[in-house]
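Undergrad: Pasted the sequence and its predicted model underneath.
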Amino acid sequence: MNAAAYLDRIGYRGGTAPTAETLTSLHRAHMLSVPFENLDIPLGRTIELALERFFDKIVARRRGGFCYELNGLFGWLLAELGFPVVSLSARVFNGENIGPDFDHMLLLVKLEQRYVADVGFGDSFLEPLPMDGEDHVEGDRTYRLVESERALTLERLEPGADWEPQYAFTGAPRRLEDFAAMCHHQQTSPQSPFTKKTVCSLPTADGRVTLSNGRLIVTTHGRRGERPVASHDEYRELLRRQFGIELDAGAAIERLMDRGD
């Protein structure tokens with residue numbers, strides 16, 4: 001890996017010693033620089049589980065990705081920098097229902113204490129989550145890990161709401177190839193959320209900006225604004241200006257915008 005190019009991609013200029021402080025800074029820099037996006041899926045471009053392909057897409061071509069790509073690549077960077085890191089499988093909650101194993105990939109980093117690192121779950125915590133049994137406040141949200149006999153569950157609390165489960169996982173280490181079947185499912189199944197909706201989303205200093213199908217959603221200091229994108233040209237310009245993504249001329253923008261909104 002060209003770690004220097006990766007660090008430049010996420011705008012990171014700090015130290016690289018494998019410490020909790022470095023992990024926190026790297027995680028935050030990645031979250032604020034690399035969008036969560038599934039543009040390749042509606043464009044009909046296969047996502048393959050290969051670290052070199054992740055690097056080419058996210059670092060060289062300055063794209064984003066979804067969990068297998070983002071956490072796969074971030075885990076590679078951490079390992080290159082000397083962090084003790086393993087990949088874990090999670091089952092994602094959809095209301096009261098929970099998805100299958102390998103539905104989501106996250107990272108476990110073992111330093112003086114253990115941390116959940118996850119740069120691939122979209123609108124989630126910006127800094128790694130210590131596995132210390134405490135509640136952790138980040139902005140107007142609070143996160144916690146709830147332990148049961150068989151798993152840990154990440155829960156999120158928002159103002160005026162109850163605790164909501166996000167995903168459940170165990171500490172069993174996984175290899176990248178273990179996620180291959182679910183990665184294929186996420187790209188091809190009519191039941192996959194990634195075949196139903198196009199999303200490109202990135203946190204900002206004071207909120208979040210998202211392209212969801214043909215709509216632009218901007219949240220600033222908790223206030224949400226939403227409007228339709230007027231044209232294919234505007235969609236390309238929003239990708240460029242808000243997310244730093246330059247799609248090639250052959251990309252069928254109508255496939256990204258016209259998905260049921």
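TA: Good, I have the coordinates.
Undergrad: only C-alpha atoms for contact and neighbour calcs from this point on.
TA: OK.
Undergrad: Run through who's touching stretch 110-119.
TA: For stretch 110-119, the surrounding residues in contact (Cα atoms under 8 Å, 6 or more residues apart in numbering) are 19-20, 27, 30-31, 67, 70-71, 74, 83-85, 106-109, 125-132.
Undergrad: Now do the same for Cys183: helix, strand or coil?
TA: helix (DSSP: H, G, I helix; E, B strand; the rest coil).
Undergrad: Can you get me a residue count around it?
TA: 22 (other Cα atoms under 10 Å).
Undergrad: repeat for the one 10 residues further on
TA: By the other Cα under 10 Å criterion, the neighbourhood of Pro193 contains 11 residues.
Undergrad: so who does it touch?
TA: Contacts of Pro193 (Cα under 8 Å, 6+ apart): Gln186.
Undergrad: Check what pLDDT it gets.
TA: In this model, Pro193 is scored at 92, pLDDT.
Undergrad: Narrow the contacts of stretch 110-119 to those in helices?
TA: Using DSSP state H, the subset of the contacts of stretch 110-119 located in helices is 20, 27, 30-31, 67, 70-71, 74.
Undergrad: Let me know the closest of the residues you listed to Ser212.
TA: Cys67 (17.4 Å; Cα to Cα).
Undergrad: thinking that closest one is in contact with Met105, fair?
TA: Yes. Counting by Cα atoms under 8 Å, Cys67 touches Met105, with 5.8 Å between them.
Undergrad: Look at these two and report which has more neighbours.
TA: Met105 (26 against 22).
Undergrad: Give me the distance between that one and Leu77.
TA: Plainly put, Met105 is 16 Å away from Leu77 if you go by Cα to Cα, to the nearest Å.
Undergrad: just Phe179 next, same as before
TA: For Phe179, the distance to Leu77 - Cα to Cα - is 19 Å.
Undergrad: ditto for Arg208
TA: 25 Å.
Undergrad: for Phe243, same thing?
TA: Distance check for Phe243 against Leu77: by Cα to Cα, it reads 22 Å.
Undergrad: Now list the buried members of the contacts of stretch 110-119.
TA: Buried by 16 or more other Cα atoms under 10 Å: 20, 27, 30-31, 67, 70-71, 74, 83, 85, 106-109, 125-131, out of those.
Undergrad: And the helices in this protein?
TA: Using DSSP H, helices in the chain cover 3-9, 20-33, 51-55, 67-80, 180-188, 193-196, 232-243, 253-257.
Undergrad: Tell me which of those helices is the most buried.
TA: The highest average neighbour count among those, using mean count of other Cα atoms under 10 Å, belongs to helix 67-80 at a mean of 23.
Undergrad: per-residue pLDDT, Glu149?
TA: pLDDT at Glu149 comes out at 77.
Undergrad: Run through the residues that contact it.
TA: Per Cα under 8 Å, 6+ apart, neighbours of Glu149: none.
Undergrad: Would you map out the domains in this protein?
TA: What automatic domain parsing lists as the domains of the chain is 3-188, 197-257.
Undergrad: Kindly check the end-to-end length of the longest one for me.
TA: End-to-end distance of domain 3-188 (Cα to Cα): 32 Å.
Undergrad: ditto for stretch 28-40
TA: Stretch 28-40: ends 25 Å apart by Cα to Cα.
Undergrad: so Asp251 touches Leu43, yeah?
TA: One correction, residue 251 is Ala, not Asp. Yes. Look at Ala251 against Leu43 with Cα under 8 Å: they come within range, at 6.8 Å.
Undergrad: Tell me where the stretch 101-250 of the chain has strands.
TA: 104-110, 114-117, 129-130, 136-138, 141-147, 152-157, 164-169, 199-204, 207-212, 215-220, 223-228 (DSSP state E, counting those that start in this stretch).
Undergrad: Name every strand pairing with the fifth one and say which way it goes.
TA: So that's strand 141-147. Applying DSSP bridges, strand 141-147 is found paired with strand 136-138 (antiparallel), strand 152-157 (antiparallel).
Undergrad: Run the angle between it and strand 164-169 for me.
TA: 40 degrees (axes from the mean of the first three to the mean of the last three Cα atoms, to 10 degrees).
Undergrad: Done for today, thanks.
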